[in-house]
Each structure stands twice: as structure tokens, then as C-alpha cells.
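Participant: Return a 3D structure for these sequence lines:
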Amino acid sequence: MRETPRSQETAGDSRAWPPQLRPGRALAHTTGASGSGTPHRSDGRPPQTPRGARQTGPGGRSGTTPPVPGRPTPFLLAAVSAALCAVLFAVITWQIVDHGPLRALDERSGRAVVGEGPTGLTEFLADLGTMQVALPVLGAAVAYALYRRRRTQALAAVLAIALVPALVAPLKALTGRPGPLTAETGYYPSGHAATAMVAYVGAALLIGRWLMPVAALLTAATGIGLVLRGYHWPLDVLGSWCLCAVLLLLITMCTRRSSWRTPSRRTGPS
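Facilitator: Next up, the predicted model:
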């Protein structure tokens, strides 16, 4: 019998060449070929997840549980911020009542800056914390919120401004701190600084967060005017800001939590 003729290779040609693909059934097992059994598809579409690699949901059902939205994160952040402001307010109040070193430093710095700046400008800044100026701003924001059917937020803002005198008046009587230019007592915390912060920050929360820098600027300007005009010590203003920050954060937390619990109504396509 004749032997099958060998390919024309020489004995000295010992290099290992990669095996050549032979036509036929072997092509069916190449990557991407139809019916090859590999995870690649010939049409370029991504492969389906193998059944054994799928994660099971609750109760052993197939599929994955979607991630829960990060609701606790802003709530926790607000709670921590409120706690820090409450601690700072407690420390300031303790120093004021106990005539601590912080109060002595506050009075020295307050006397050093009283009367500084243009009188007309500082008086204007101090007047930003009066009811005649601050309340109309908050009232306009409340009306806007009611127009947008945000009744819960509007009610929260009204409640916050109503709580200002209810919180500030007893603290004034309790601390009995005299003012920078008078021996009369009842200057800690500052009612004007509290009114300005609740009104302007509350208005920004009702209209839009983009107004928050403006609200912070108006609040800070009011405190500066009160100190430069000699109406309050610096710690009177800082204590009011800490107190009102706690108030606003707590009310914001309550309104957000109630909105989370209220199921949203979804309407079908029109």
C-alpha cells in the first residue's frame, strides 16, 4: 500500500507552528460561532447571565433586590448637625450664666468693635432682623409654597417663626445678661438675630436651595449690624444662631420624614 504523502517539510524545519484550523465541524467550536456553547454570541449581543450565577432575592426567588434609596443619610446628617448645635448652644449659655472666660472674652471683643463702621449702614443691617422687615419676606415665601401646594413645608415655616419668641423670651429671663451699652438685662440670646435666621433661611427652604447663600448672607449681615451698633454682644448673636439652627433642623427632619411616609400618587400616561 502506498503511504500517504507527507507535507513538504524538511527534517531541519523544527519550529513549532500553531495548528491550522481545518474546515468542517471544528469551526463550530470557535469563539463567537453559532452553537459553539461559549458565552459569546455571534450577533455581538451580550450573553445572558448563567442561571447558576444569578443572585437570589428574598425567599430564594431569582433576581436581585434593588438598592434602597439613601434616605437615612440626610436624616442622620441633620440629626448630627442639630446635636452639635445644641451642644454649642449649651456651652455658650453655661459660660454666660457662670461668667466664664468665654463671656469675658466676648465682652472685651464686643466693646472693641462697638461704633465701628458707617452708622447708617450698620443700622440698616441691624434692622434686617426686625419683624417689619423679616416677616414679609417669610410671608411671601409661605404664599409661594402654598401656591405650589407644599402645605406641610409652609406650615413648618410658620411654626418655626412662631416658636422664636416662645424660646427666646424665657432664655432672656433666665440668663439676665445686660447689654453692651445699658445695664438693663435680657439680651441673651438675640431675638433679632433669631428672627432674621428663621425668616431668611426658612424662605430659602421654601423657595429653593439656590437662595441659601443669600439667606446666610442676610443672617450674617444682621448679626454684624447688631454687634457694631452695640445692640448685642457677639455671643448673643452666636447663641441665637445655634438655637435657631437646632429649631430649623428639627422641623426640616420632621417634614421630610412625613413626606417619606406619604405614598406618592402616580398617574398613568395621558
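Participant: which one's the longest helix in the chain?
Facilitator: The helix spanning the most residues in the chain, taking DSSP state H as the definition, is helix 234-261.
Participant: Which positions in it come out as buried?
Facilitator: Along helix 234-261, these residues count as buried under the neighbour rule (16 or more other C-beta atoms under 10 Å): 234-253, 255-256. All C-beta spots, glycine's among them, are computed from the backbone N, C-alpha and C.
Participant: before we move on, what about stretch 146-166?
Facilitator: Going through stretch 146-166 with 16+ other C-beta under 10 Å, the ones that come out buried are 150, 153-154, 156-157, 160-161, 163-164.
Participant: ok, and what's touching that stretch?
Facilitator: Outside stretch 146-166, the residues that touch it by C-beta atoms under 8 Å, 6 or more residues apart in numbering are 135, 138, 141-142, 145, 191, 194-195, 198-199, 202-203, 205-206, 244, 247-248, 251-252, 254-255, 258-259.
Participant: Equivalent analysis for stretch 176-190, please.
Facilitator: Surrounding stretch 176-190, the residues in contact under the criterion C-beta under 8 Å, 6+ apart are 93, 96, 107, 110-111, 114, 129, 168, 171-173, 175, 223, 226, 230-233, 235-237, 239-240, 243.
Participant: Now Phe89: closest residue in space, sequence neighbours ignored.
Facilitator: Of all residues not flanking Phe89 in the chain, Cys242 sits nearest, at 3.8 Å (C-beta to C-beta, 6 or more residues apart in numbering).
Participant: List the contacts of that neighbour.
Facilitator: Cys242 sits next to 85-86, 88-89, 92 when contact means C-beta under 8 Å, 6+ apart.
Participant: if you set the cut-off to 6 Å instead, what comes out?
Facilitator: 85, 88-89 (C-beta atoms under 6 Å, 6 or more residues apart in numbering).
Participant: By neighbours, which of the residues you listed wins?
Facilitator: Neighbour counts for those were taken using other C-beta atoms under 10 Å; the highest belongs to Phe89, which has 21 neighbours.
Participant: which phi and psi does that residue have?
Facilitator: Dihedral pair for Phe89: phi -60, psi -40, per degrees, to the nearest 10.
Participant: Go ahead and confirm it touches Leu243.
Facilitator: Yes - between Phe89 and Leu243 there is a contact under C-beta atoms under 6 Å: 5.3 Å.
Participant: Pass me the low-pLDDT residue ranges in this protein, would you?
Facilitator: Judged against pLDDT under 70, the low-scoring parts of the chain cover residues 1-72, 257-270.
Participant: Can you report how many residues neighbour Leu84?
Facilitator: Other residues near Leu84 number 14, with proximity taken as other C-beta under 10 Å.
Participant: what about Gly110, how many neighbours?
Facilitator: Neighbour number of Gly110 under other C-beta under 10 Å is 20.
Participant: Distance check, the residue nearest to it when sequence neighbours are not counted against Leu77.
Facilitator: In this structure, Gly110 finds its nearest non-sequential neighbour in Trp233, 4.5 Å apart by C-beta to C-beta, 6+ apart. When C-beta to C-beta, to the nearest Å is applied, the distance between Trp233 and Leu77 equals 31 Å.
Participant: of those two, who's got more company?
Facilitator: Neighbour count, other C-beta under 10 Å: between Trp233 and Leu77, Trp233 has more, with 26 against 12.
Participant: Now the nearest residue to Thr130 once chain neighbours are set aside: which helix or strand?
Facilitator: Closest residue to Thr130 in three dimensions, ignoring its sequence neighbours and counting by C-beta to C-beta, 6+ apart: His192, at 6.5 Å. Per DSSP states H and E, His192 falls inside helix 191-207.
Participant: what sits up against that helix?
Facilitator: The list of residues contacting helix 191-207 from outside it, by C-beta under 6 Å, 6+ apart, reads 128-129, 134, 137-138, 141, 144-145, 153, 157, 160-161, 164, 168, 211-212, 215, 218-219, 222-223, 226, 237, 240-241, 244, 248.
Participant: Mind doing that once more with 7 Å?
Facilitator: When contacts are defined by C-beta atoms under 7 Å, 6 or more residues apart in numbering, helix 191-207 is touched by residues 126, 128-131, 134-135, 137-138, 141-142, 144-145, 153-154, 157, 160-161, 164, 168, 211-212, 214-215, 218-219, 222-223, 226, 237, 240-241, 243-244, 247-248, 252.
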